[in-house]
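Undergrad: only the shape, not the letters, is given here:
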């Protein structure tokens with residue numbers, strides 16, 4: 001078992017800073033979740049860097065709860081209501097997501113907003129090399145991920161009622177502005193010279209043109225549940241960063257796995273792709289382009305630099321939450337230490353365009 005898998009998979013006793021009145025939750029579920037019957041047992045998932053996530057066990061079925069963390073929060077962050085909304089919308093067109101049973105925006109129940117969804121049983125793959133599947137079937141797992149994100153980007157936004165889920169257009173201006181603002185305002189986490197240079201470079205090199213689709217925002221192998229025995233995605237998880245945005249930016253974030261050190265998040269950097277049966281980066285990009293009707297992806301290195309910047313900003317936020325004592329995950333401190341590496345890789349990708 002990899003370090004990441006050990007740290008993230010499974011559940012543990014609810015951590016002290018994330019405890020709440022379980023009796024009040026059971027009362028709310030009895031009144032608002034169809035078919036709920038106690039008694040209720042609550043466990044906390046080890047993973048989840050931003051919104052604390054819990055397994056809710058009952059005699060009849062298991063549920064998952066995602067909630068805002070307690071404590072002081074940055075404005076606009078931890079929007080569990082948006083997560084619930086996009087899950088409900090995508091479920092109407094058969095996209096693989098968990099069923100949402102209810103959303104609570106009453107802080108008096110457990111202290112913060114939360115939503116309850118189905119607990120989809122399957123496998124979470126924490127290592128992007130898919131070490132626990134056979135080499136013969138491994139290409140099919142990569143293809144399943146590729147097909148699923150392509151399908152997401154082809155969904156008609158208006159048809160699923162998400163036309164107001166984000167501001168269309170100027171995606172990079174808004175994203176760079178949003179994450180830069182959080183980076184500069186989170187003084188607890190400090191500054192980094194590579195990050196400062198990367199922000200300045202991105203602001204001056206935004207490519208012309210824009211597209212709009214539903215974007216996931218954190219699409220990678222460990223944010224989905226695979227069928228227990230088949231190369232099939234049963235549910236895509238963790239929609240906190242979803243919005244209306246640029247689909248190519250969303251796909252290329254996923255493609256950063258080819259340049260991602262595996263000790264940071266699930267990455268293929270350093271792996272022998274031919275030996276493990278993984279597609280090359282060019283092959284993976286070509287498959288997505290074929291599925292979405294593109295001739296290719298111009299300005300590819302800009303997207304890479306942008307996505308490493310964005311992930312670095314997220315890790316910077318984790319670092320700030322560690323300092324303030326509101327981090328959702330027990331290993332957030334280890335993750336926060338990777339912020340400078342991500343900023344450095346992002347700046348290197350930007351320089352490679354010259």
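TA: Right, received. Where do you want to start? Quantities reported herein were computed from a predicted structural model and do not represent experimental measurements. Numbering: from 1, shown residues only.
Undergrad: which of the residues in stretch 180-190 are classified as buried?
TA: Counting neighbours by 16 or more other C-beta atoms under 10 Å, one finds that the buried residues in stretch 180-190 are 180, 182-183, 186, 189. The way it works is simple: take the backbone N, C-alpha and C, and place the C-beta from them, glycine included.
Undergrad: which residues does that stretch contact?
TA: Here stretch 180-190 makes contact (C-beta atoms under 8 Å, 6 or more residues apart in numbering) with 74, 77, 195, 199, 203, 313, 316-317, 319-320, 323-324, 336, 339.
Undergrad: now with 10 Å?
TA: Outside stretch 180-190, the residues within contact range by C-beta atoms under 10 Å, 6 or more residues apart in numbering are 74-77, 191-192, 195-196, 198-200, 202-203, 309, 312-324, 336, 339-340, 343.
Undergrad: returning to what we had before: so which of the buried residues of stretch 180-190 are in helices?
TA: Among those, the members found in helices (DSSP state H) are 180, 182-183.
Undergrad: what packs against the longest helix seen in the chain?
TA: As far as residue count goes, and with DSSP H defining each element, the longest helix of the chain is helix 300-324. Judged by 3 or more C-beta pairs under 10 Å, 6 or more residues apart in numbering; DSSP states H and E, helix 300-324 is in contact with helix 171-185, helix 193-203, helix 247-255, helix 332-336, helix 339-351.
Undergrad: packed most tightly, which of those would that be?
TA: helix 247-255 (a mean of 24; mean count of other C-beta atoms under 10 Å).
Undergrad: average pLDDT for the next helix-or-strand element following that one?
TA: Under the assignment DSSP states H and E, the closest C-terminal helix or strand after helix 247-255 is helix 273-276. Averaged across helix 273-276, the pLDDT comes to 97.
Undergrad: could you do stretch 240-254 as well?
TA: In this model, stretch 240-254 carries a mean pLDDT of 95.
Undergrad: how far does that stretch stretch from one end to the other?
TA: End-to-end distance of stretch 240-254: 16 Å, with C-alpha to C-alpha, to the nearest Å as the criterion.
Undergrad: packing partners for the strand or helix carrying residue 31?
TA: If you go by DSSP H and E, residue 31 is part of helix 22-32. Helix 22-32 sits against strand 41-45, strand 53-57, strand 62-67, strand 100-104, helix 107-110, strand 114-118, with contacts defined as 3+ C-beta pairs under 10 Å, 6+ apart.
Undergrad: chain center to the fifth one: distance?
TA: I take that to be helix 107-110. 26 Å (C-alpha atoms, centre = their mean, to the nearest Å).
Undergrad: again, but for the longest one
TA: Between the mean C-alpha point of strand 62-67 and the mean C-alpha point of its chain there is a distance of 16 Å (C-alpha atoms, centre = their mean).
Undergrad: as JSON lines, the helices and strands packed on helix 22-32 with mean neighbour count, mean pLDDT and distance to residue 209 would be great.
TA: Converted to JSON lines, those look like this (neighbours: other C-beta atoms under 10 Å; pLDDT from 0 to 100; distance: least, C-beta to C-beta, whole Å):
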{"stretch": "strand 41-45", "mean neighbour count": "17", "mean pLDDT": "95", "distance to residue 209": "39"}
{"stretch": "strand 53-57", "mean neighbour count": "20", "mean pLDDT": "96", "distance to residue 209": "37"}
{"stretch": "strand 62-67", "mean neighbour count": "22", "mean pLDDT": "96", "distance to residue 209": "35"}
{"stretch": "strand 100-104", "mean neighbour count": "19", "mean pLDDT": "97", "distance to residue 209": "34"}
{"stretch": "helix 107-110", "mean neighbour count": "16", "mean pLDDT": "96", "distance to residue 209": "42"}
{"stretch": "strand 114-118", "mean neighbour count": "23", "mean pLDDT": "97", "distance to residue 209": "35"}
